[in-house]
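Trainee: Compute the structure for the input listed below.
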Amino acid sequence: MKHFILSAALLVATSASVSAKSNAPKVMANGYPYTQVPFTSVKMAQNSFWGARLKAAREVTVPLAFSKCESEHRYKNFDMAAYTLKHPGHAGLQTPEWDVAKFMGFSFDDTDVYKTIEGASYILQTYPDKKLKAYIDSVLNVVGAAQEPDGYLYTARTINPEHPHGWSGKKRWEKEEDLSHELYNLGHMVDAACAHYQATGSHKFLDIARRYADCVCREVGSGSGQATVVPGHQIAEMALARLYTLTGEKRYLDEAKYLLDFRGKTHIRQEYSQSHKPILEQDEAVGHAVRAGYMYAGIADIAALTQDSAYIKVIDRIWQNIIGKKVYLTGGVGARHEGEAFGKNYELPNMTAYNETCAAISMVYLYERMFLLHGESKYIDCLERTLYNGVISGMSMDGGRFFYPNPLSSDGKYAFNADNNTTRQPWFGCACCPSNLSRFIPSVPGYLYGVKDNNIYVNLFAANTSTIQVGGKDIVLEETTQYPWDGDIQIRVVKSAAKNANMLVRIPGWVQNQVLPSDLYKYSDNERLAYTVMVNGKKVEADLAANKGYLPVKNIKKGDVVRIHLDMPVRTVVANQNVKDDEGRVAVERGPIVYCAETADNQGEPVLRAVMNKQPKFTVVNDYKVENTETAGAPSFAVKAITTDAQMLEENADGVAVKQQKLTLIPYYAWNHRGAGEMNVWFVQSLKMLDK
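Mentor: Now for the predicted structure:
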């Protein structure tokens, strides 16, 4: 691990992480019929697609995030809160240097620390590192010192109780439904603490988080003397559900259920925060897309844990609305800059798309939970699309630069970025996306497999070695593949102590001629893809529909070799006619990857004016090199590019001319590594787009 920058407060001796396996909380069933194989059981191969992303997170993103916690005053906030707790009413409270508004940008700045610890905890499981473990421990010393005696931990107020951050209100919870983010801070703290405990066995962070959660359970609710509020920014709901499954303490589940049940019944009622009406009456994704995604994931958690059929119906219909009318081809969500929000049905502009990186991450959380509820491969199809396109586009290949919005076209001038820039940035004043990527990318190993009864579900394809429990017995799988670059996957059963275990292999929707499980997009070519699954050289066949999109491989045993082949030609996609911004246009995909054209690969030509042939022919270019000039010293990287014959519309003295042009496309996630310029996903193919 690269060295970390430490504040003076962190240079004190750190207490050793306490491995208290004998006193460990007993992890309960999460209520879902299907179980996610935890990140602690999956080891990604280093020289692989996801191995490279994890390496970038480990070596660059997480250290960068920790360093920003130092340079951007995040640790200092905790130091100052701790000082005030030890010296209440101290003379400095009336001086400018203790004026919270002058040094704390946002009331949720504490979460940058929590999210970074969460990501570092995931990394520790794959890459044990004593130095990193000790560093996290020292950070927790600083965090814990800022906790008030009753468990409340919110530096925006504790630093200067008489003059707190302007978003915080004079009293606890007073502005929770507006701007304080007290419960949002709790949510990220709990998530990070659970991950830290899972990775290290230490109770240190878990105990801090539980004290704050207990404070919330006492003070927030519908009882006498409680603050009857719900989160202005959701995430506490699914975090408290996670804490319940880890500890078995029902009060956390009850609090999470309250936070959802009372939505739309308290003081502030607005679409922006999905509080416009009670949960059970909601049927459309509206408002701030990140808040919405976190809340929808929380609804799924509570539906599973309480077996509430009404909640299940709610999340089913909201998912259908997103997939059928509100998701971009890249898996991104949030059409509008104003309010960082979902638009109306079929409102999916390209250049002005917001598609916040955090919103894409929230969709992964939702889709995984939908699989855990229903066990259908279509939810993993949605997850895969979002993961390979809408999420990883938010972080540069070197791990050190970030997108806030992720548009589907760019003229190189329109300031789609939150800080009014047209390129990825090394950080943001509102740092939710970089710190969210810090925690999410290292967690990806936890999305590969699922389990129910004696069945292992192979959901995502990636090179890895995993130890999966079936019926309390270990099965070790070794997967080798170059996916997503080709569709050949091999899974070898290294060990199997379980009897009558089955492997269920997801056959992706894109292989079955389905872009998404809706009519929002469809393939416009005549390709008919094939797939094969071989076990020890013998072909296995089954009715996919009868098995919810999976192909069962029954009674796996040690030594079995499962070989999967998925055809992976280049495909063209068109949008539903109601998506007016894509009318007369076509997009290009290969496997799970959405492609785009960028001026840097096309002799500086205006790719926004590229016209694709009605029946285009494509060539796949292996090991196409993309330079990374945005980050000094960053190496180039290789992708599979696609070329095709196209035309460019140009203006000349006589009007509009058509120029023949070889068009080169690269994966959407790889764009913007060579400075600002034109980029395009949807290409003109019909004059319909000129009839608007």
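Trainee: unless I'm mixing things up, Tyr152 is touching Trp173, no?
Mentor: No: in this structure, Tyr152 is not within contact of Trp173 by C-beta atoms under 8 Å, at 10.0 Å. Where you see a C-beta, it was placed from the backbone N, CA and C, and this is true even at glycine.
Trainee: Report the distance from stretch 432-445 to the chain centre.
Mentor: Distance of stretch 432-445 from the chain centroid (C-alpha atoms, centre = their mean, to the nearest Å) equals 7 Å.
Trainee: Check stretch 120-128 too.
Mentor: 18 Å.
Trainee: what is the mean pLDDT for that stretch?
Mentor: Stretch 120-128 carries an average pLDDT of 89.
Trainee: Give the buried residues for that stretch.
Mentor: Ala120, Ser121, Tyr122, Ile123, Leu124, Gln125, Thr126, Tyr127 (16 or more other C-beta atoms under 10 Å).
Trainee: which residues touch it?
Mentor: 1, 39-40, 43-44, 54, 57-58, 62, 66, 129, 132-133, 136, 192, 195-196, 198-200, 438-439, 442-443, 445 (C-beta atoms under 8 Å, 6 or more residues apart in numbering).
Trainee: Show me which of those residues are buried.
Mentor: The neighbour count (16+ other C-beta under 10 Å) marks 1, 39-40, 43-44, 54, 57-58, 62, 66, 132-133, 136, 192, 195-196, 198-200, 438-439, 442-443, 445 as buried among the contacts of stretch 120-128.
Trainee: I'd like the distance between the nearest residue to Arg674 once chain neighbours are set aside and Gly293.
Mentor: Computed as C-beta to C-beta, 6 or more residues apart in numbering, the closest residue to Arg674 that is not its neighbour in sequence is Ala600, at 4.3 Å. Ala600 sits 32 Å away from Gly293, going by C-beta to C-beta, to the nearest Å.
Trainee: Show me which of the two is the more surrounded one.
Mentor: Gly293 (28 against 21; other C-beta atoms under 10 Å).
Trainee: what are the phi and psi angles of that one?
Mentor: Backbone torsions of Gly293, given as degrees, to the nearest 10, read phi -60, psi -40.
Trainee: In contact with it, which residues?
Mentor: Per C-beta under 8 Å, 6+ apart, neighbours of Gly293: Val333, Ala359, Ile361, Ser362, Met363, Tyr365, Leu366.
Trainee: switch to 10 Å and redo it
Mentor: By C-beta atoms under 10 Å, 6 or more residues apart in numbering, the contact set of Gly293 is 234-235, 285, 322, 333-334, 342, 356, 358-367.
Trainee: Equivalent analysis for Asn185, please.
Mentor: 107-111, 114, 153-156, 212, 233, 235-236.
Trainee: burial count for Asp178?
Mentor: By the criterion of other C-beta under 10 Å, Asp178 has 16 neighbours.
Trainee: Am I right that it falls within a strand?
Mentor: No: with DSSP: H, G, I helix; E, B strand; the rest coil as the criterion, Asp178 is coil rather than part of a strand.
Trainee: let's have the chain start at 803 instead
Mentor: With the count now opening at 803, the last piece we talked about shows up as Asp980.
Trainee: which ones are touching it?
Mentor: Contact analysis of Asp980 by C-beta under 10 Å, 6+ apart lists Trp969, Ser970, Gly971, Val1031, Gly1034, His1035, His1069, Ile1070, Ser1075.
Trainee: same question, Pro951
Mentor: So Pro951 contacts Leu887, Arg1013, Cys1017 (C-beta under 10 Å, 6+ apart).
Trainee: tell me the mean pLDDT for the top strand by length along the chain?
Mentor: Determined from DSSP state E, the single longest strand within the chain is strand 1439-1454. Averaged across strand 1439-1454, the pLDDT comes to 92.
Trainee: Buried residues in it, which are they?
Mentor: Quick answer for strand 1439-1454 (16+ other C-beta under 10 Å): Phe1439, Val1441, Lys1442, Ala1443, Ile1444, Thr1445, Thr1446, Ala1448, Gln1449, Met1450.
Trainee: which residues of the stretch 1103-1252 of the chain score low on pLDDT?
Mentor: Where the stretch 1103-1252 of the chain drops to pLDDT under 70, the residues are 1217-1223.
Trainee: 90 instead, please
Mentor: The stretch 1103-1252 of the chain contains residues with pLDDT under 90 at 1215-1225, 1228-1235.
Trainee: For it, which segments count as strands?
Mentor: 1211-1212, 1251-1254 (DSSP state E, counting those that start in this stretch).
Trainee: I would like the residues contacting the last one, please.
Mentor: Counting by C-beta under 10 Å, 6+ apart, the neighbours of strand 1251-1254 from elsewhere in the structure are 834-840, 843-844, 1170, 1173-1174, 1177, 1182, 1258-1262, 1266, 1268, 1270-1273, 1277, 1279, 1281, 1303, 1305-1306, 1308.
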